[in-house]
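Asker: Provided below for reference: sequence and predicted model.
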Amino acid sequence: MALLRGLLMRAFGRPQGALGRLGGMIMARVNRDCAAWVVGRLAIEPNDAVLEVGFGPGVGISLAAVAAAKVAGVDPSPEMLAQAKARNADAIQSGGVDLRLGTADKLPFADHAFDKAFAINSMQVWPDTGAGLREVRRVLRRGGRIALGFTPHSGQKKDGLTDTLQAAGFAFPKLEETDAFFCALATRP
Ligand SMILES: C[S@@+](CC[C@H](N)C(=O)[O-])C[C@H]1O[C@@H](n2cnc3c(N)ncnc32)[C@H](O)[C@@H]1O
């Protein structure tokens, strides 16, 4: 069981090496519809600055970049940074996308830098969920929105998600669902 968990972490949780590269290719296909739905829930406006935490192969970044003025992202996996950079090469070149190695609990951005923030199938693998969400709160402007999206295979439970957001200092948390995905949304007070 521990071996399987380790392999899944290398492929998807914190992708590393050949298994991580393969995991990134799989996630880019399998999670695309969820990413499109979650990005849509944020109602991104043309002047918005948007953050994705745990961008993986960078599909969510590319979808957000179509709608936003600026998109930034952090992910601790060098393999995922390489895939996301390749997928968003033009937008990086033109200055619309900024991708960095990093973790949710120590975001390399200034206070109130973003209008919207999201994470897809990522929060369940952060070592300290509360610390990560408080960091997202710090970098969002007042009135900014957060969306935490998940597919069923993420392993994330729906129950308690809105409480987790409230405990991290977010307001008006709510859960939205489709047949296939769910997403917790809230506002930075
Ligand atoms: C299951 S993948 C999801 C990737 C992508 N969001 C998607 O939907 O395809 C989880 C991602 O979270 C990243 N991650 C792991 N620990 C993290 C942390 N502490 N902070 C931010 N991202 C993290 C991983 O490197 C990986 O890219």
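Answerer: Yep, it's here.
Asker: mind listing the strands for the chain?
Answerer: In the chain, the strands defined using DSSP state E lie at 49-53, 70-75, 97-101, 114-120, 140-150, 171-177, 182-187.
Asker: just the angle between the second one and strand 97-101, please?
Answerer: Going back to what we said before, that points to strand 70-75. Interaxial angle of strand 70-75 relative to strand 97-101 (axes from the mean of the first three to the mean of the last three Cα atoms, to 10 degrees): 20 degrees.
Asker: repeat that for the first one.
Answerer: Counting by the same axes, to 10 degrees, strand 49-53 points 30 degrees away from the direction of strand 97-101.
Asker: quick check: residues of the protein near the ligand?
Answerer: 12, 14-15, 27, 31, 35, 53-57, 60, 74-77, 80, 103-104, 120-122, 125-127 (Cβ under 6 Å from any ligand atom). Yep, even glycine has a C-beta here, placed from its N, CA and C like the rest.
Asker: need the contact list for the residue in the chain positioned nearest to the ligand.
Answerer: Closest approach between the chain and the ligand, counting by Cβ to the nearest ligand atom: G56, at 2.4 Å. G56 makes contact with 15, 24, 27-28, 31, 75, 77, 80, 83-84, 120-122, according to Cβ atoms under 8 Å, 6 or more residues apart in numbering.
Asker: now do the helices in this structure.
Answerer: Assigned by DSSP state H, the chain shows helices spanning 2-8, 17-30, 32-41, 59-67, 78-87, 89-93, 129-139, 161-167.
Asker: rank these by pLDDT, which is bottom?
Answerer: Of all those, mean pLDDT reaches its minimum on helix 2-8 (a mean of 90).
Asker: could you dump that one to PDB, C-alpha only?
Answerer: Taking Å, rounded to 0.1, in the frame of the first residue of the first chain, the C-alpha atoms of helix 2-8 are listed here in PDB:
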ATOM      1  CA  ALA A   2       2.800   2.400   0.900                       C
ATOM      2  CA  LEU A   3       4.600   1.500  -2.300                       C
ATOM      3  CA  LEU A   4       1.500   2.300  -4.400                       C
ATOM      4  CA  ARG A   5       1.000   5.600  -2.500                       C
ATOM      5  CA  GLY A   6       4.700   6.400  -3.200                       C
ATOM      6  CA  LEU A   7       4.300   5.600  -7.000                       C
ATOM      7  CA  LEU A   8       1.100   7.800  -7.200                       C
END
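Asker: identify the bridge partners of the residue positioned nearest the centre of the chain.
Answerer: When Cα atoms, centre = their mean is applied to the chain, the residue found nearest the centroid is A119 (2.1 Å). Here A119 sits in beta bridges with L148, going by DSSP bridges.
Asker: quick check, it in contact with V53.
Answerer: Yes - using Cβ atoms under 8 Å, A119 is in contact with V53, at 4.4 Å.
Asker: give me the common contacts of those two.
Answerer: A104, V136.
Asker: ok, now which ones touch the closest residue to F150 other than its chain neighbours?
Answerer: Spatial nearest neighbour of F150, chain neighbours left out: Q156 (4.5 Å); criterion: Cβ to Cβ, 6 or more residues apart in numbering. Contact analysis of Q156 by Cβ under 8 Å, 6+ apart lists N121, M123, Q124, F150.
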